[in-house]
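In: sequence first, predicted model second:
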Amino acid sequence: MTATPPAGDPAAAPWTERVLVRDGVRLSLRDWGGDGRALLLLHGLAGHVGEWDGLARRLRADGHRVVALDQRGHGASERHPADVSRAAYVADVRAVLDELDLTHTLLVGQSYGGHAALLTAARHPSRLAGAVLVEAGPGGTGPQAVAEVGDWLRAWPVPFPTRAAAVAHLGGGPVGEGWADGLEERDGGLWPRFDPEVMAASLAENAGRDRWEEWAAIGVPVLAVLGQHGFVADEEYAEMARQLPGLRGVCLPGTGHDLHLERPEVLHRLVTEFLAETPCPGGDSKT
């Protein structure tokens, strides 16, 4: 399918839905086209591909090749995959790179998507130009925090009777709007396009386990973009910088965990600057 962008938006570009199947699991992609530098965008847990529309339009207007993935368990992809391990998420990323023949790709991932980008950068560096981790790091997540996320998702008062009710419950402002964009209308109300139990199972592997070994193995440039009121603690970032001396890091004042929804224009600038610092092999920056 091809989607029509909002009328009058000079930075808008149409996108096409592409579907690939890996090991029987449907994966839905929002392909913005372009023939410049390749970027693959990965949303966070319980998120959806549309969260990246603001950034994707800007990058596509710059001439880049932009693709965003509805990760397994989310959105238009398979919502009840049997395998929700971290390895499965990483294998999905590799499958997208292979299917679309994306080379020297910059991965941009937020939260759980940033975690998938981190692990992909550690395991498949030859396929990448670099990684932008938005509110994501290698530190472990405690069992209590994992349980709290699952409980929060289960406690959504669904179905939401109206979009306004959903936006208000999900934080209001651009964050609430972005989360509400991921809902679907059925049975007289608005429902999430994920199963909370699948989300909880996806998180379970992270309980009490860190990824510092993988972090130290990363061999591509990394940009960490953090929110002032986000989830990555100062101590974790300090250790990230110590173990990866070339790490670039930016903290956006006044933002939280969903800074990609709060400040897409700033994230676009940071990604663009990072691309300029990570030319393709052979010296061709393709910008």
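Out: Yes, it's here. Numbering: from 1, shown residues only.

In: could I get the full set of helices for the stretch 51-200 of the chain?
Out: Listed in chain order, the helices of the stretch 51-200 of the chain (DSSP state H, counting those that start in this stretch) span 53-61, 86-99, 112-123, 143-154, 163-169, 173-180, 196-204.

In: with mean pLDDT, mean neighbour count and distance to Leu226 added, can I get the ones you listed in TSV?
Out: C-beta: built from backbone N, CA, C; applies to glycine. Shown next, in TSV, are the helices of the stretch 51-200 of the chain (pLDDT from 0 to 100; neighbours: other C-beta atoms under 10 Å; distance: least, C-beta to C-beta, whole Å):
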stretch	mean pLDDT	mean neighbour count	distance to Leu226
helix 53-61	96	22	16
helix 86-99	98	19	21
helix 112-123	97	25	10
helix 143-154	94	14	17
helix 163-169	98	17	25
helix 173-180	98	19	16
helix 196-204	95	19	20
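
In: could I get the ones you listed as JSON lines with distance to Glu239?
Out: Below are those laid out as JSON lines (distance: least, C-beta to C-beta, whole Å):
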{"stretch": "helix 53-61", "distance to Glu239": "28"}
{"stretch": "helix 86-99", "distance to Glu239": "20"}
{"stretch": "helix 112-123", "distance to Glu239": "14"}
{"stretch": "helix 143-154", "distance to Glu239": "18"}
{"stretch": "helix 163-169", "distance to Glu239": "35"}
{"stretch": "helix 173-180", "distance to Glu239": "28"}
{"stretch": "helix 196-204", "distance to Glu239": "22"}
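
In: I'd like the next helix or strand past the lowest-mean-pLDDT helix or strand in the chain.
Out: When the helices and strands of the chain are scored by mean pLDDT, DSSP states H and E, strand 2-3 comes last with a mean of 45. Downstream of strand 2-3, the first helix or strand assigned by DSSP states H and E is strand 15-22.

In: angle of the next helix or strand after that following strand against strand 15-22?
Out: Once the chain leaves strand 15-22, the next helix or strand it forms, by DSSP H and E, is strand 25-33. Angle, strand 25-33 to strand 15-22, by axes from the mean of the first three to the mean of the last three C-alpha atoms, to 10 degrees: 150 degrees.

In: partner strands of strand 25-33 and their direction?
Out: Under the criterion DSSP bridges, strand 25-33 sits next to strand 15-22 (antiparallel), strand 65-70 (antiparallel) in its sheet.

In: put the alpha carbons of the shortest one into PDB.
Out: Read that as strand 65-70. Coordinates of each C-alpha in strand 65-70 appear next as PDB, following Å, rounded to 0.1, in the frame of the first residue of the first chain:
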ATOM      1  CA  ARG A  65      16.800   6.000   2.100                       C
ATOM      2  CA  VAL A  66      14.500   5.600   5.100                       C
ATOM      3  CA  VAL A  67      12.800   2.500   6.400                       C
ATOM      4  CA  ALA A  68      10.900   2.000   9.700                       C
ATOM      5  CA  LEU A  69      10.000  -1.400  11.100                       C
ATOM      6  CA  ASP A  70       6.900  -2.500  13.100                       C
END
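
In: how about the helix or strand where Ala238 lies: buried residues?
Out: Ala238 is part of helix 234-243, with elements assigned from DSSP H and E. For helix 234-243, the buried set under the neighbour-count rule, 16 or more other C-beta atoms under 10 Å, comprises 236-237, 239-240.

In: what sits up against that helix?
Out: Contacts with helix 234-243, where a contact means C-beta atoms under 8 Å, 6 or more residues apart in numbering, come from 137-139, 212, 215-216, 224, 226, 247, 249.

In: ok, of these, which come out buried?
Out: Neighbour-count burial (16+ other C-beta under 10 Å) applied to the contacts of helix 234-243 gives 137-139, 215, 224, 226, 247, 249.
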